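Student: Give me a model of this one.
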Amino acid sequence: MELVLKRTYYPNGTNGTIYINGVKICHSIELPWLENKPQRSCIPEGAYELKKRWSPKYKDHYCLQAVPGRKYILVHPANNAVKELRGCIAPVLYLSGEGKGTFSQMALKSLQALIDEVIEEEKVFIRITSAKRTIRKQ
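Tutor: Just a heads-up that it's a prediction; the model follows:
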């Protein structure tokens, strides 16, 4: 299975939409693109395998594998990228600003319903691409 995350870049955050087989599942928020700086930037575009992960903080979530120069890039709930993310991806139901969204827990549950159905039998990848590049000077 392959998820496609189409991003739009802004100075204060990165917004995206996650699709499976061309069908929109939810939106996403991330930190702005800052040249892949650990804990300050979203990760580079590319395809990454997802693995299931559990932690006391986030419970069931996913970890992206083999991200260049980075470790523990997760897909977990958050509604404000700058305040709650350190390079990870947060699914959200609605976008409310640059790197901001709402109902992240619900969006993650929507993804889990689709991914968990197949992740034990097949590899699951997320392909990150640009919808458009809109970096404005501040």
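
Student: is the residue nearest in space to the middle of the chain in a bridge, and if so with what?
Tutor: Centroid-nearest residue in the chain: Ile89, 2.7 Å away (criterion: C-alpha atoms, centre = their mean). Under DSSP bridges, the beta-bridge partners of Ile89 are Val75.

Student: Thought Arg70 was touching it, still the case?
Tutor: No. Applying C-beta atoms under 8 Å, one finds Ile89 not in contact with Arg70, separated by 11.9 Å. Backbone N, C-alpha and C define where each C-beta goes, glycine included.

Student: Next up, the contacts around the residue nearest to the centre of the chain.
Tutor: 5, 16, 28-30, 42, 64, 73-75, 126 (C-beta atoms under 8 Å, 6 or more residues apart in numbering).

Student: now the helices for this protein?
Tutor: 81-84, 104-115 (DSSP state H).

Student: The ones you listed into TSV, with extra columns for mean neighbour count?
Tutor: Shown next, in TSV, are the helices of the chain (neighbours: other C-beta atoms under 10 Å):
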stretch	mean neighbour count
helix 81-84	17
helix 104-115	18
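
Student: Which of these sits closest to Gly22?
Tutor: Comparing the helices of the chain by their distance to Gly22 (C-beta to C-beta), the top pick is helix 104-115, with 13.5 Å.

Student: and the angle for the helix or strand of the chain with the lowest mean pLDDT with helix 104-115?
Tutor: Using mean pLDDT, DSSP states H and E, the weakest-scoring helix or strand in the chain turns out to be strand 124-133, at a mean of 88. Interaxial angle, strand 124-133 versus helix 104-115 (axes from the mean of the first three to the mean of the last three C-alpha atoms, to 10 degrees): 130 degrees.
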